[in-house]
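Engineer: model the following, please.
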Amino acid sequence: MRCPFCAHDNSQVKDSRPTEDNSAIRRRRQCESCGARFTTFERVQLREVTVVKSGDRRQPFDRTKLEQSVTLACRKRSVEPERIAQLVSGIQRQVETAGESEVASSRIGEMVMEGLKQLDSVAYIRFASVYRDFSEARDFEEFASTVQDAAGKPNA
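Structural biologist: Below you'll find the model as predicted:
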């Protein structure tokens, strides 16, 4: 494993343990050259999946990109990082076990929306505003009212 500090190619594993949700192995490493310590995560990848974006563009599925999007939607909310990791792992598992080599980005977006709806209503609305490309305040109002109606109470 390449050191992120000095780019040396060799490092020693000092400690390995599963993550809390058992979806990955967390490894503490130490660079043999500069002595810096860093953490890596090892996850099972069932198959290579290509994401088909608008305009027929294609790119490999990227868990990190998905995790960043969900984390951004949950920013400054009382959502534990473990819950975000569980949501992302669940979506990744669904994508990889679907049996398809390609998945539409819209399908992944719908999975995220469904997960955030259960996790945090404000994060759900934030993600929806970008995903559904809200252009006016009225778009927010209409969407938020559907969330309020579904929950039976106003959202904070």
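Engineer: next, the buried residues of stretch 75-89.
Structural biologist: 79, 83-89 (16 or more other CB atoms under 10 Å). (C-beta placed from N, C-alpha, C; glycine too.)
Engineer: show me where this structure has strands.
Structural biologist: 11-18, 24-31, 37-43, 50-52, 58-60, 102-104 (DSSP state E).
Engineer: what's the average pLDDT for the second one?
Structural biologist: Think strand 24-31. For strand 24-31, the mean pLDDT works out to 94.
Engineer: got the angle between that strand and strand 11-18?
Structural biologist: Per axes from the mean of the first three to the mean of the last three CA atoms, to 10 degrees, the angle that strand 24-31 makes with strand 11-18 is 160 degrees.
Engineer: ok, and what's touching strand 24-31?
Structural biologist: Contacts to strand 24-31, defined as CB atoms under 8 Å, 6 or more residues apart in numbering, come from residues 1, 3, 5-6, 8, 10-19, 36-43.
Engineer: which ChimeraX command selects the buried ones in these?
Structural biologist: If you want just the buried ones from those in ChimeraX, going by 16+ other CB under 10 Å, the selection is:
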select :3,11,19
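Engineer: just to revisit the earlier point, make JSON lines out of the buried residues of stretch 75-89 and add distance to residue 107 and pLDDT.
Structural biologist: Output for those, formatted as JSON lines (distance: CB to CB, whole Å; pLDDT from 0 to 100):
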{"residue": "79", "distance to residue 107": "23", "pLDDT": "94"}
{"residue": "83", "distance to residue 107": "22", "pLDDT": "93"}
{"residue": "84", "distance to residue 107": "20", "pLDDT": "94"}
{"residue": "85", "distance to residue 107": "21", "pLDDT": "91"}
{"residue": "86", "distance to residue 107": "20", "pLDDT": "92"}
{"residue": "87", "distance to residue 107": "16", "pLDDT": "95"}
{"residue": "88", "distance to residue 107": "15", "pLDDT": "94"}
{"residue": "89", "distance to residue 107": "17", "pLDDT": "91"}
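Engineer: since that was my last question, I'll sign off now.
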